[in-house]
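A.B. asks: Sequence first, then the predicted structure:
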Amino acid sequence: MAIVTSTDAEPAGRHARGTPDRATVTAFAEIAAVMALWFWSLSRVDPGEMTDLGLVSVLPVTAFVALAALALSFGLALLRVPGTGARLLTAYPLALTLMVYLTPPLVYDTARYSWAWKHAGIVDYIDRTGGVDPFIDVLTVYHSWPGFFAFNAMLTDLAGLDSAMSYAAWAEVFFNLLTVAAVVALLRGLTDDPRTVAVAAWIFVLGNWVGQGYWSPQAISYAWYLLVVALLVHWFPGRPAAGVTHAVTTPARRAGLMGVVLLLLFCIVSTHQLTPVVTLLTVTVLVLTQRTNATTLPLLVTVLVGGWLLYVAAPFTETTLTEALAAIGAVDENVEGTLIQYDAISTGQLLVSMMSRAQTVAVVLLAGAGVIARLRRGHRGYTAFFLAAVPFTIVMFSPYGHEILFRAYLFALPGLAFFAAALLWPPSSVVTPHRMRVLLGVSLALMVGLLFSLFGNDRQYHFTEREVAAAEYVYDVAPPGTLLVEGSRNYPAQFENYDRFTYVPIAREAEEDRLEMVQHPVRVLRRWMGDSSYAASYLVITRSQKAETEALGEMPGGGLQSIEEALLKSRAFRAVLHNEDASVFVLRTQLVESGEPTATGGAR
Amino acid sequence: MSRPSAWAVLAPLSALLAVTSVVAGFGAPLQPLLVGWFLLVCPGMAFVPLLRVGSPLLELALGAAVSIGLGVVVGQVMVFTDMWSPLGGLLALSVVTVGGAAVQLVVAGVFRPAVVERGR
């Protein structure tokens, strides 16, 4: 086998006459074959058979073979593809991204994650009213950062679609491809070696189990953040770094690139709450350590963030300021809230959670070893170190809905992946089969971890069309001022007319109330739903609510299943919609008063 | 002077098709495809080739990021000024796109403003 160094200069994957070399053709043929095997495997998946281990419990053996084959093909391509043709090796992390993120829309009936459905509710609100209401009671925060939703309201309306949910499931593929492309651009600002870049992007995809690339403001904000950092590091460098060729361009193009940076910074600030904080911290450190010469940006971002918080988002800021200030410096509480309690969850979910933590620890350890290895080799380029370290400082500022540690990990991941790659495939290193074997072993381990951590909660995170039908029924027929009692918040909810309701999720009630509910469901729900201050009252119980409350141990006794069974037998309640995956109940007295038919919905 | 990117033609053409599909009400599947393609890719790609970033992957990623960014700005302006008009937003983005494409053509020397011609 030919031994070459990683930076041998040859035409990019082509012979002199312009035809692709055999190794490159072989690599692309292997990628195509592996993807065909993966997607064929998905056609044999029945999500209804899923256990609390998630998607991995229903994947056929051929799917695992496909993933292993892709890892092997990547390793061989790292050895075979010559010289700078190795830039084409980034096709591997892109192919892996396609395989992973095309899976949910191909396997499930509808978009996964209940939050995606809530986002559609804001889009629906803007499309209906043409504005936002910063003082609204439910999903308030989105009305103060409406950029993503306003754009999607425009897209949905112009495309002639009834709802943004028509395309939301496919957005996960789009955003993750965009993210990986941005990561590759960022990595090229850290090293000239295309093999190290490809390996780092590969580790990034394998390590990105946090699942924030779905149809959400944070998905696009994250891509914008990565592109801003990539542009600053590559086109606006400070001190020169060894092993990196910074781009040289004309003043006019630099002005254009800075225009793009400013546009993206404004979009980050006006679209999401957490990303601007990380952006401000990262840009400030890059400027202070002379990693970029864009010295006025920290001040500019500070002004933008401050202006948005104090003017545009003032109603939200005023109501949450005390809580936000209390969280600053409370690192223990902020981190503790991120980690779920193991004493209540099911065995399968325990394994999934432990795999997620192990995945995180593995990537951080690989990166740590990479830092040491680079220091030993005499490398003193600190840009990647700052990119990996600075995001973790956000745990000092906020618990961010009990997610702060994993969000910090996500922002640090490009830097961590670079150092992991610097360990596994150092820049300018000699290409050897031994490196390939080590990379293959690490890749296979991370692949297993990714399947568990990214798809391990999918029994509750995916929704069937029958569940959507139940939710659609309620949101279509309920009048403004309706009380909506829900088994839990985890189902396709709030995607239309969401402002008409007062929401009471049973799983979020106090422990003694949940216990009373399970023991005397008919009595308790008659009291709740008989409240005459509401125009109407509905109760929704779905398969995904049951799956979540069982997995997390949120409901005592027989849980939501026992409540549903009791109401189906009760003469006080009527199931106005009942199918295999969902039930919608009302009080019979409500039906008599409103004159509604006592049974509706074709799915009954 | 350099050769203009194919986007100098493709982006404004896409704008025209998107506007036509909305005004004429093409419906699914053509209208969502044309509108989605335009809003997600074209306004940015009318400008980004001017930057010569050197990598097709980065160029496309920047093009999409800038397209969505411009859409976000237009959408927010309409929301905060109580002037919600999706078609108006589409037309505004189309004008931006045509402007970017025109700059590409001017830079490439395909056509030049008259004042430049007179000066020579």
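C.D. replies: It's in. Residues are numbered from 1 along each chain as shown, chains lettered A, B, ... in the order given.

A.B. asks: and residue 56, what are its phi and psi?
C.D. replies: Unless you meant another one, I'm taking chain A. Backbone torsions of residue A:56, given as degrees, to the nearest 10, read phi -60, psi -30.

A.B. asks: Provide the secondary structure category for residue A:538.
C.D. replies: strand (DSSP: H, G, I helix; E, B strand; the rest coil).

A.B. asks: That one contacts residue A:479, doesn't it?
C.D. replies: No - look at residue A:538 against residue A:479 with C-beta atoms under 8 Å: they stay out of range, at 10.7 Å. Bear in mind the C-beta positions are built from the backbone N, C-alpha and C, glycine included.

A.B. asks: Who has more neighbours out of those two?
C.D. replies: residue A:538 (25 against 11; other C-beta atoms under 10 Å in any protein chain shown).

A.B. asks: Pull the contacting residues for the more buried one.
C.D. replies: A:474, A:478, A:482-485, A:529, A:584-586 (C-beta atoms under 8 Å, 6 or more residues apart in numbering or on different chains).

A.B. asks: and those as JSON lines, adding distance to chain B, pLDDT and neighbour count?
C.D. replies: As requested, the contacts of residue A:538 are arranged in JSON lines below (distance: C-beta to the nearest C-beta, whole Å; pLDDT from 0 to 100; neighbours: other C-beta atoms under 10 Å in any protein chain shown):
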{"residue": "A:474", "distance to chain B": "26", "pLDDT": "96", "neighbour count": "24"}
{"residue": "A:478", "distance to chain B": "25", "pLDDT": "94", "neighbour count": "21"}
{"residue": "A:482", "distance to chain B": "26", "pLDDT": "96", "neighbour count": "19"}
{"residue": "A:483", "distance to chain B": "29", "pLDDT": "97", "neighbour count": "20"}
{"residue": "A:484", "distance to chain B": "27", "pLDDT": "97", "neighbour count": "25"}
{"residue": "A:485", "distance to chain B": "32", "pLDDT": "97", "neighbour count": "20"}
{"residue": "A:529", "distance to chain B": "36", "pLDDT": "96", "neighbour count": "23"}
{"residue": "A:584", "distance to chain B": "29", "pLDDT": "97", "neighbour count": "27"}
{"residue": "A:585", "distance to chain B": "35", "pLDDT": "97", "neighbour count": "25"}
{"residue": "A:586", "distance to chain B": "34", "pLDDT": "96", "neighbour count": "22"}
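
A.B. asks: State whether residue A:370 and residue A:425 are indeed in contact, as I suppose.
C.D. replies: No - Residue A:370 is beyond contact range of residue A:425, at 10.1 Å (criterion: C-beta under 8 Å).

A.B. asks: So which bits of the stretch 251-400 of chain A are right by chain B?
C.D. replies: A:253, A:256-257, A:260, A:263-264, A:266-267, A:270-271, A:312 (C-beta under 8 Å from any C-beta of the partner chain).

A.B. asks: Just flag the most distant two among the residues you listed.
C.D. replies: A:253 and A:312 (32.0 Å; C-beta to C-beta).

A.B. asks: Next secondary structure after the lowest-mean-pLDDT helix or strand in chain A?
C.D. replies: One helix or strand of chain A scores below all others by mean pLDDT, DSSP states H and E: helix A:331-336, with a mean of 64. Beyond helix A:331-336 on the C-terminal side, the first helix or strand identified by DSSP states H and E is helix A:347-376.

A.B. asks: Which neighbouring elements make contact with that next one?
C.D. replies: helix A:194-207, helix A:404-424, helix A:433-455, helix A:543-552 (3 or more C-beta pairs under 8 Å, 6 or more residues apart in numbering or on different chains; DSSP states H and E).

A.B. asks: Can you name the next helix or strand after that helix?
C.D. replies: Immediately after helix A:347-376, counting by DSSP H and E, sits helix A:383-389.

A.B. asks: Quick check: mean pLDDT of that following helix?
C.D. replies: The average pLDDT for helix A:383-389 rounds to 95.

A.B. asks: Contacts for that helix, please.
C.D. replies: A:186, A:189-190, A:229, A:233, A:241, A:282, A:285-286, A:289, A:291, A:367, A:371, A:412, A:414-416, A:418-419, A:422.

A.B. asks: can you rerun that using 7 Å?
C.D. replies: A:190, A:229, A:233, A:241, A:282, A:285-286, A:289, A:291, A:367, A:371, A:412, A:414-416, A:418-419 (C-beta atoms under 7 Å, 6 or more residues apart in numbering or on different chains).

A.B. asks: before we move on, what about stretch A:483-493?
C.D. replies: A:110, A:114, A:117-118, A:460, A:463, A:467-468, A:471, A:474, A:501-507, A:525, A:528-529, A:531, A:534, A:537-542, A:544-546, A:548-549, A:554, A:560.

A.B. asks: did I read that right, residue A:586 in a strand?
C.D. replies: Yes - per three-state DSSP, residue A:586 lies within a strand segment.

A.B. asks: beta partners of it?
C.D. replies: residue A:574 (DSSP bridges).

A.B. asks: show me the contacts for it.
C.D. replies: Here residue A:586 is in contact with A:537-538, A:574, A:576 (criterion: C-beta under 7 Å, 6+ apart).

A.B. asks: Can I get those residues in JSON lines including pLDDT and distance to residue A:51?
C.D. replies: Converted to JSON lines, the contacts of residue A:586 look like this (pLDDT from 0 to 100; distance: C-beta to C-beta, whole Å):
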{"residue": "A:537", "pLDDT": "96", "distance to residue A:51": "34"}
{"residue": "A:538", "pLDDT": "97", "distance to residue A:51": "31"}
{"residue": "A:574", "pLDDT": "95", "distance to residue A:51": "33"}
{"residue": "A:576", "pLDDT": "95", "distance to residue A:51": "31"}
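
A.B. asks: With adjacent residues omitted, what lies nearest to residue A:465?
C.D. replies: Excluding the flanking residues, the one nearest residue A:465 by C-beta to C-beta, 6 or more residues apart in numbering or on different chains is residue A:109, at 4.5 Å.

A.B. asks: wait, isn't the one you found in contact with residue A:464?
C.D. replies: Yes - under the criterion of C-beta atoms under 7 Å, residue A:109 makes contact with residue A:464 at 5.3 Å.

A.B. asks: more crowded one of those two?
C.D. replies: Taking other C-beta under 10 Å, residue A:109 and residue A:464 do not tie; residue A:464 has more neighbours (21 against 15).
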